[in-house]
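In: fold the stuff below for me.
(chains A and B)
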Amino acid sequence: MIKINLDIKKLAELHTSLSTTHDKITAINNQIFTKLKKIDTMWDDSNTSVFISQNNLDKTKIDEYCEETKRINNTILEFTNNLNSIAKRCNCPGNGNFNYDDDNVKSLINYCNSAHSLTISAKSKLDSMDIPSSFRYANNLNTMKFKLMDINSLLKNDIDDLNEVVSLTNMAYNKIKSYPKTEEIILKPLRYTSNIQNVSFVSSKSKIDQALNSQKLGTSNKKVDYNENSSNFTNNSSNKISRDKKTDFDEKDSAFVNAANQTSASGTTLTLDENKNNFINNETKKTMPQTNMNNEFKNSNVNFINPTKNMQATSNETNFTNQNINIKIPNNQD
Amino acid sequence: MNAEIRRYQLLLNHLNSLASTLQSSIQSLESAVSYSKISINIGNTNYKRIELENMLEDLKTEYANLVNVYIPEVKRKTNELIVEQNRLEEERRQAEEKKKAQQRARKND
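Out: Numbering: from 1, shown residues only, chains lettered A, B, ... in the order given. Just a heads-up that it's a prediction; the model follows:
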């Protein structure tokens, strides 16, 4: 049986807060996914596309969840309005409290019905009485009859009013009670196409291996496609990677690479003398003299460090700068 | 005379029965008032409590009049009628006695 004990004003406040919260969550949801979309195909492999499509699915789920919570909140508003209109109908002052006990109301109505039928019976008895005209209180008995009729009709109205309030309250309550619970959102964990746990790790390893391989004598004529321009990653944040545009490493311009690709008749290992490098930077931001630029290569610390899993891009040292290159992933995507 | 006494006696029975019905109605209404305090309370007001209390007061007043005034009056009137009837009966009897005594006296003369 229904028992309601609440403050309608607080319920209205709850609805308002939930509305505000809902709007904020919706906004945050949109912002998050807008930002995620900007994390572009930095590494350009099949895992990234899995990541993107899963994100889209997740966004859809969260959007649906937001819509569902909005509907629930509208139900709360409807319930509040229903209770307010019942209170108004009862001509009760609007200080907010609403207490309703179904069992007790039904007992109340039963006793009113009982009183009502008994007063009808009393009135009937008076009707059928033979009152001698000589009886001193004959008129009084007549007056009593009319009084009982008044009471009867008032009682009848009160009973009707009570039944209506019961009905309205039950309807309001059943409406909100029958509203289905929102399903939990379950966002699936990302599934990668390869067994390697770290997406970007795989990508960078493959790229670095490619670059490494291109340095070996006669091993490959493959173009080292390690050109920043080919990546459509755009870092617009203030946390720029330490590599500047001026280190644009375009293979065809680079005598460094060409030097590396030269074969030696004797088969000896080519030693790259960095001081002989005549790499020309065609960018507007020209580098310092070449020797200095090489030092920059040498001294630069490309800090891509995985804070939780300190994975190195390669177990081998690269031949670019004799530095270890570690790849940093700001938010581990496992 | 007998007829009127009978009327009043019937009236008394009816009024007693009426009182009993009113008493039951009052008890139901009292329970209703009690429940109205714990059923619907909106804006710190018990819905319908005041209306029911007013009706209860009216019924109690009617009941009090019935039991304290009208029924006693019926009883009083009934007694009065009975006493009157007895007195008349006695008068008639005495008149009869007197007449018979006079008749006997005339016979003896």
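
In: C-alpha from now on. contacts and neighbour counts both.
Out: Noted.

In: and the contacts of the host helix or strand of residue B:65?
Out: Here residue B:65 sits within helix B:49-65, counting by DSSP states H and E. Contact with helix B:49-65 is made by A:144, A:148, A:151, A:155, B:19, B:22-23, B:26, B:29-30, B:32-33, B:36-37, as judged by Cα atoms under 8 Å, 6 or more residues apart in numbering or on different chains.

In: pull out the buried residues from those.
Out: For those, a burial check counting by 16 or more other Cα atoms under 10 Å in any protein chain shown picks out A:144, A:148, A:151, A:155, B:19, B:22-23, B:26, B:29-30, B:32-33, B:36-37.

In: export those to a markdown table and append columns for secondary structure.
Out: Below are the buried ones among the contacts of helix B:49-65 laid out as a markdown table (DSSP: H, G, I helix; E, B strand; the rest coil):
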| residue | secondary structure |
| --- | --- |
| A:144 | helix |
| A:148 | helix |
| A:151 | helix |
| A:155 | helix |
| B:19 | helix |
| B:22 | helix |
| B:23 | helix |
| B:26 | helix |
| B:29 | helix |
| B:30 | helix |
| B:32 | helix |
| B:33 | helix |
| B:36 | helix |
| B:37 | coil |
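
In: list just the nearest of these to residue B:93.
Out: Minimum distance to residue B:93 across those is 39.5 Å, recorded for residue B:19 (Cα to Cα).

In: ok, now which ones touch the closest one?
Out: For residue B:19, the contacting residues are B:63, B:66-67, by Cα under 8 Å, 6+ apart.

In: and the residues you listed as TSV, adding pLDDT and neighbour count?
Out: Formatted as TSV, the contacts of residue B:19 follow (pLDDT from 0 to 100; neighbours: other Cα atoms under 10 Å in any protein chain shown):
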residue	pLDDT	neighbour count
B:63	98	21
B:66	97	22
B:67	97	17
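
In: measure residue A:77 to residue B:68 for me?
Out: Distance of residue A:77 to residue B:68, given as Cα to Cα, to the nearest Å: 57 Å.

In: between those two, tell me which one has more neighbours.
Out: Remark: of residue A:77 and residue B:68, residue A:77 carries more neighbours, 19 against 11, as counted by other Cα atoms under 10 Å in any protein chain shown.

In: quick check: that one touching residue A:12?
Out: Yes: the criterion here is Cα atoms under 8 Å, and residue A:77 meets it with residue A:12 at 6.8 Å.

In: nearest residue to the middle of chain B?
Out: residue B:71 (2.1 Å; Cα atoms, centre = their mean).

In: give the contact list for the nearest residue to residue A:121 once chain neighbours are set aside.
Out: Distance criterion Cα to Cα, 6 or more residues apart in numbering or on different chains; nearest residue to residue A:121, sequence neighbours excluded, is residue B:21 at 7.4 Å. Contact analysis of residue B:21 by Cα under 8 Å, 6+ apart lists A:118-119, A:121-122.

In: residues near residue B:103, how many?
Out: Neighbourhood size, residue B:103 [other Cα under 10 Å]: 11.

In: my read: residue A:96 touches residue A:88, true?
Out: No: in this structure, residue A:96 is not within contact of residue A:88 by Cα under 8 Å, at 11.0 Å.

In: so those two - more neighbours on which side?
Out: Per other Cα under 10 Å, whichever of residue A:96 and residue A:88 has more neighbours is residue A:96, with 20 against 13.
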